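Asker: Structure of the sequence below:
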Amino acid sequence: MKRFAVAGLVVALGLGGVLADDKAIAELEGTYKAVALTKDGKEAPDDVVSSITARIAGDEITFTVSDKNHPAKFKIDTKAKPAHIDLSPSDGTEKGKTFLGIYKIEKGELILAFTEKGDRPTEFKGEGDVRLIRLKPDSKK
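Answerer: Predicted coordinates for the structure are as follows:
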């Protein structure tokens, strides 16, 4: 009987993490406008930044850059520190790849740091292969 109780506790704790991530995903839903983008240690020009928006609905995020959509599925792990985000493009030449990243909400902005190749970033810095983007909520849901 103790074995079933322990198994039940393990399942409940595992589901708790999944439910927490589902709640965190729901809290991210909405549309965003980019306010900053750093790549290769350089800030992107204002006209590039102002052309970027993002929409999060469920487990999908669509970045729009100069009216071209770039949809992706994403998964998060809120237990990791910093929280992890994995982006998997749904079409284009990057389809089938997974970009490893981290994210946080700071002062009302969603901040993403991710790589298109290599290891997951550990800091929110747009250096090397890491892209850092700050997104300001445009509207919720």
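Asker: pLDDT-wise, which helix or strand of this protein ranks last?
Answerer: The helix or strand of the chain with the lowest confidence, counting by mean pLDDT, DSSP states H and E, is helix 2-28 at a mean of 51.
Asker: So which residue is dead centre in this structure?
Answerer: Computing the C-alpha centroid of the chain and ranking residues by C-alpha atoms, centre = their mean puts residue 85 first, at 4.5 Å.
Asker: isn't it right next to residue 98, touching?
Answerer: No - Residue 85 is beyond contact range of residue 98, at 10.5 Å (criterion: C-beta atoms under 8 Å). For every residue, glycine as well, the C-beta is placed using N, CA and C.
Asker: picking up where we left off before, looking just at contacts, which helices and strands does the following helix or strand past the least confident helix or strand of the chain meet?
Answerer: Once helix 2-28 ends, the next helix or strand along the chain (criterion: DSSP states H and E) is strand 30-39. Packing partners of strand 30-39 (3 or more C-beta pairs under 8 Å, 6 or more residues apart in numbering; DSSP states H and E): helix 46-49, strand 52-57, strand 130-140.
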